[in-house]
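Participant: mind looking at a prediction? Sequence and model below.
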Amino acid sequence: MKRTDYISWDEYFMGVSLLAAKRSKDPNTQVGACIVNQDHIIISTGYNGFPKNCSDDVFPWERTGKDTKYAYVVHAELNAILNSGGQSLKGASLYVSLFPCNECTKAIIQSGIREIVYLSDKYADSDATLASKTMLRAAGVQMRQLKPHTEQIVLDFRVDK
Ligand SMILES: O=c1[nH]c(=O)n([C@H]2C[C@H](O)[C@@H](COP(=O)(O)O)O2)cc1CO
Ligand SMILES: [Zn+2]
């Protein structure tokens, strides 16, 4: 008899996104993304962080003031698109822990991604999110908020030997 407590595809790919988010150095919001093709194969992952060679210890993580993170940080979704190494994203699904902003949405639509599965929509009332939703609706990209059947998945690094 097969196991019955295995995780669903949605939980698996959102779980990968959440694990990617754990790599983020952002002290306030850690975002993770995972792009999956129609065969359920992971094409790419990403999290929010500064561009290559722009040191996490030099560039600012402040949210307010003269010099903020917003000018420098690459969003998780854009990193995932850029990390896909030129593979076609046509018909792919994007799993992301936070609803995409309008700038990422432009790249998502242009890359051919057809579905966005998200967890949090904490900036739902922002102009960026409203613009995202307007563009995604116009472009016919599906959006759905994941309602997980489980509250958490624990990774256990302990082994027998
Ligand atoms: O979709 C997103 N993807 C993404 O990676 N981010 C990143 C940019 C920032 O590093 C952080 C948001 O920071 P804050 O919540 O402090 O404003 O999340 C933010 C959004 C939402 O706009
Ligand atoms: Zn974005």
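Facilitator: It's in. Ligands and ions are numbered 1, 2, ... in the order given.

Participant: residue 139 contacts residue 110, correct?
Facilitator: No: counting by Cβ atoms under 8 Å, residue 139 stays clear of residue 110, with 9.2 Å between them. For glycine as for every other residue, the C-beta is placed from the backbone atoms N, C-alpha and C.

Participant: these two: which has the busier surroundings?
Facilitator: Per other Cβ atoms under 10 Å, whichever of residue 139 and residue 110 has more neighbours is residue 139, with 14 against 11.

Participant: for the more buried one, phi and psi?
Facilitator: phi -90, psi -10 (degrees, to the nearest 10).

Participant: mean confidence score for stretch 82-99?
Facilitator: Here stretch 82-99 scores 98 as its mean pLDDT.

Participant: for that stretch, buried residues please.
Facilitator: When neighbours are counted by 16 or more other Cβ atoms under 10 Å, the buried residues of stretch 82-99 are found to be 84, 89, 92-99.

Participant: in strands only, show me the residues you listed.
Facilitator: Counting by DSSP state E, the buried residues of stretch 82-99 place 93-98 in strands.

Participant: nearest to residue 156, of these?
Facilitator: Nearest to residue 156 out of these is residue 97 (Cβ to Cβ; 21.8 Å).

Participant: and the strands in the chain?
Facilitator: Defined through DSSP E, the strands belonging to the chain, from first to last, are 32-36, 42-47, 93-98, 115-120, 142-145.

Participant: which one, of these, ends up nearest to ligand 1?
Facilitator: Of all those, it is strand 93-98 that lies closest to ligand 1, at 4.8 Å by Cβ to the nearest ligand atom.

Participant: near ligand 1, which residues of the chain?
Facilitator: Taking Cβ under 6 Å from any ligand atom as the criterion, the neighbours of ligand 1 within the chain are 26, 28-29, 31, 48, 63, 69, 73, 75-77, 98, 100-101, 104, 123, 128.

Participant: good, wrapping up.
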